[in-house]
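Trainee: Sequence first, then the predicted structure:
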Amino acid sequence: MAAFLHGLGLRYFVEVARTGSISDASERLHVAISAISRQIAKLEGELGTPLFERRPRGMALSEAGERLLAFAQRSLLEAEQVANEIGGLDALHGSLLKVASSEGFALDFLPGVLASFKARHPGVDFSVSVVAPADATRRVRDGDADVALTFSLAPEKGVRVEHAERAPVHALVRRDHPLAARDAVSLADVARHPHVLPETGTTVRQLIDIACALDGLLLEPELTTNNTAMTYRYAQLTGAVMFTGALSVRDRYAADGFVVLPLTNPQLRERSVQVQTMAGRDLPASVRAFLDHLIERIAARSAVEPTVSTVSTVSTVSTVSTVSTVSTEPAALPHRPTSAPAPRGRRMR
């Protein structure tokens, strides 16, 4: 391997690629702009090709730069891994695991996974970033996180999917809600009742917007927020309908008086939960052990939950075709008839 593909030049190159600016990289690295410029120029000279396109508003990677960045990120992470192994940290003692997670997992599921792993491996610590799904994937791809636990709508470049399974969107209603006795509901049903929505940018909102556009439906939420905990608590207090994945609320919805209902709109099943790592990275023992534990916990949740049939748009249940992924549909709760007055419906326009 060429010697110039190691050392400071490669580190400087990665930081310029991440920030899109030599001056921003200089601030983050506390290194003079001239020193970074010299190293980048040296790399380009050794490789015989430009690594960046110089633009008025910053630096954009060339095709050659994209290729070098993928190598550089893996190389730097593997160098850190070797240093840890030499220092005796490969036995999990003293390891720091960096996890990026979508917010839907951060309330209940992920803390439980971390706690149970910590009980097995007391020497391991965690750094967790709760971010948007696309940002979780980006952090793994850029080497800023070891593992991403996120929702995905399509294949992602630069990551290896260690585990994936279907994660349909469901309606969550209080047990005394008029819809609670249904086997399944549609977005049109939800539109007739007070409801809450996540902000744009989440996979839940993206799928809801697609389904509404295809059905010519307008949802008028009485609350829109980027905070899942607020959505959950508001729905619990007011009786509004909210939308969620089963894994996000599995441990608490029954005790909190909720019922989880399948949604009949087929677009709301086009989502998966994924465990991602950087493509091509040789994972250290600590990350591999955590991956095995995380996937085991996800699979354990799915194993005790019955497969839910695909539901037609007229709310009749039909047989689902066999798929290679595992359904994450929660078991149905007993439904209590309610004598409480129904909340005022929201009419479709």
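Mentor: It's in. None of the values given here were measured: they were computed from a predicted structure. Numbering: from 1, shown residues only.
Trainee: Show me what secondary structure element comes after the helix or strand encompassing Leu207.
Mentor: Using DSSP states H and E, Leu207 falls within helix 203-215. For helix 203-215, the succeeding helix or strand toward the C-terminus, using DSSP H and E, is strand 223-225.
Trainee: Residues in contact with that following strand: which ones?
Mentor: The contact list for strand 223-225 (Cβ atoms under 8 Å, 6 or more residues apart in numbering) reads 196-199, 230-231, 234, 240. For every residue, glycine as well, the C-beta is placed using N, CA and C.
Trainee: Alpha carbons of the next helix or strand after that strand, as CSV, please.
Mentor: Going down the chain from strand 223-225, the next helix or strand is helix 228-238, by DSSP H and E. The C-alpha trace of helix 228-238 is given here as CSV (Å, rounded to 0.1, in the frame of the first residue of the first chain):
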residue,chain,number,x,y,z
THR,A,228,-42.0,11.3,20.0
ALA,A,229,-42.4,11.5,23.8
MET,A,230,-44.6,14.6,23.5
THR,A,231,-46.7,12.9,20.8
TYR,A,232,-47.2,9.8,23.0
ARG,A,233,-48.1,11.8,26.1
TYR,A,234,-50.4,14.1,24.3
ALA,A,235,-52.3,11.2,22.7
GLN,A,236,-52.5,9.6,26.2
LEU,A,237,-54.0,12.7,27.7
THR,A,238,-56.3,13.8,25.0
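Trainee: Which strands and helices lie in contact with the helix holding Leu207?
Mentor: Where contact means 3 or more Cβ pairs under 8 Å, 6 or more residues apart in numbering; DSSP states H and E, helix 203-215 is packed against strand 147-152, strand 169-174, helix 187-191, strand 196-198, strand 242-245.
Trainee: Tell me the buried residues in it?
Mentor: 203-208, 211-212, 215 (16 or more other Cβ atoms under 10 Å).
Trainee: quick one on the thing from earlier: please identify which of the helices and strands packed on helix 203-215 is closest to Gln276.
Mentor: For these, proximity to Gln276 was assessed by Cβ to Cβ; strand 147-152 is nearest, at 4.2 Å.
Trainee: Provide the secondary structure category for Leu97.
Mentor: State at Leu97, reduced to three classes by DSSP: H, G, I helix; E, B strand; the rest coil: strand.
Trainee: what pairs with it across the strands?
Mentor: For Leu97, the beta-bridge partners under DSSP bridges are Phe126.
Trainee: And the strands in the chain?
Mentor: In the chain, the segments counted as strands under DSSP state E are 52-55, 58-61, 96-101, 125-130, 147-152, 159-166, 169-174, 196-198, 223-225, 242-245, 258-262, 272-278.
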